[in-house]
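Give me coordinates for this.
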Amino acid sequence: MLNLFSAHKIQLIETGIVLVVFMTLKFILKYLVKITILNSVIKRHEKKEIHKIINLLVFVVLFTFIVSIWSVKQDNVLVFASTLLTVFGVALFAEMSILSNITAYLILFFQHPVKIGDKICVNSEGIEIIGKVKEMTYFFIFIEKEMDQSVCSIPNALLLKSSFSVFEES
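Okay, here's the model as predicted:
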C-alpha cells in the first residue's frame, strides 16, 4: 500500500490541489449568485437553474483535469487537452443555438434588470411585444401579451439581440 502511494505521489498531490481549487471556485461562484439574488427580489426563482449550470460547468472542468492528471502522461497533456477541446468545439458548434440560449440566460440573470413579473417591451425585427414576464427558462422567456393575454415565448438569445425596455418592475 505504501509502495502504491509513493508510486502515485505526484498525481495524488495534483488531485488534492485541483479538488481544493475547484471547491473554492464553486464556493465563490455560488457566493456571486447569492449576492446577485440579494440585490434582486424576484430572481430567487432562477437560483436553482443557475446553480445547476454552475455545478455542471465546474464538474466538466474538474473531470477534465482529473482525467488529464491520472490517465495521460504528463508529456501528452497538451495533446489530450487540444483533442478534447476539438471534440467539444465540434459538438458545441453543432448545438450553437442551445448554447447561445443558455449563455443568454446567464447574461440576463447577472447583467440585465429583467425579472419575473416585470412589464417589458421587446422590439425585434419590426415587431413590438408589450407584456408581463411570466417565466424565464434556460432557453426561453415567456411574456403574457398586454393586448390579448396570450403568452408568447422568445428565445433568450433573440431577446439579447433585440432592444427591450423594462416599464414596470415587479
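
CA only for contacts and neighbour counts going forward, please
Will do.

residues in contact with stretch 113-130?
42-43, 108, 131-136, 145-146, 158-159, 162-170 (Cα atoms under 8 Å, 6 or more residues apart in numbering).

Make a PyMOL selection of the buried ones in these.
To isolate in PyMOL the members of the contacts of stretch 113-130 that are buried, counting by 16 or more other Cα atoms under 10 Å, one can use:
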select buried, resi 42+43+108+131+132+133+134+135+136+145+158+159+164+166
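
Identify the residue spatially nearest to residue 138, adjacent ones excluded.
Once flanking residues are discounted, residue 138 sits nearest to residue 102: 5.2 Å by Cα to Cα, 6 or more residues apart in numbering.

average pLDDT across the helix or strand in which residue 47 is found?
Counting by DSSP states H and E, the element that carries residue 47 is helix 47-70. For helix 47-70, the mean pLDDT works out to 78.

What is it packed up against?
In this structure, helix 47-70 packs against helix 9-38, helix 77-94, with contacts taken as 3 or more Cα pairs under 8 Å, 6 or more residues apart in numbering; DSSP states H and E.

Would you mind splitting this structure into its domains for me?
2-94, 119-168 (automatic domain parsing).

Lowest mean pLDDT across those, which one is that?
Of all the domains of the chain, the minimum mean pLDDT falls on domain 2-94 (a mean of 75).

circling back to that earlier point, pick the most buried one from the helices and strands packed on helix 47-70.
Of the helices and strands packed on helix 47-70, the one with the most neighbours on average (mean count of other Cα atoms under 10 Å) is helix 9-38, at a mean of 14.

Just the angle for that one relative to helix 47-70, thanks.
Counting by axes from the mean of the first three to the mean of the last three Cα atoms, to 10 degrees, helix 9-38 lies at 170 degrees to helix 47-70.

Which elements pack onto helix 9-38?
Partner elements for helix 9-38 (3+ Cα pairs under 8 Å, 6+ apart): helix 47-70.

Tell me the buried residues in the helix it packs on?
Quick answer for helix 47-70 (16+ other Cα under 10 Å): 50, 54, 58, 62, 65-66, 68-69.

Quick check: next helix or strand after whichever strand or helix holds residue 121?
Using DSSP H and E, residue 121 sits in strand 119-124. Going down the chain from strand 119-124, the next helix or strand is strand 127-136, by DSSP H and E.

Can I get the helices and strands packed on helix 47-70 in JSON lines including distance to residue 122?
Listed next are the helices and strands packed on helix 47-70 as JSON lines, based on distance: least, Cα to Cα, whole Å:
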{"stretch": "helix 9-38", "distance to residue 122": "24"}
{"stretch": "helix 77-94", "distance to residue 122": "28"}
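
what's the closest of these to residue 153?
helix 77-94 (23.0 Å; Cα to Cα).
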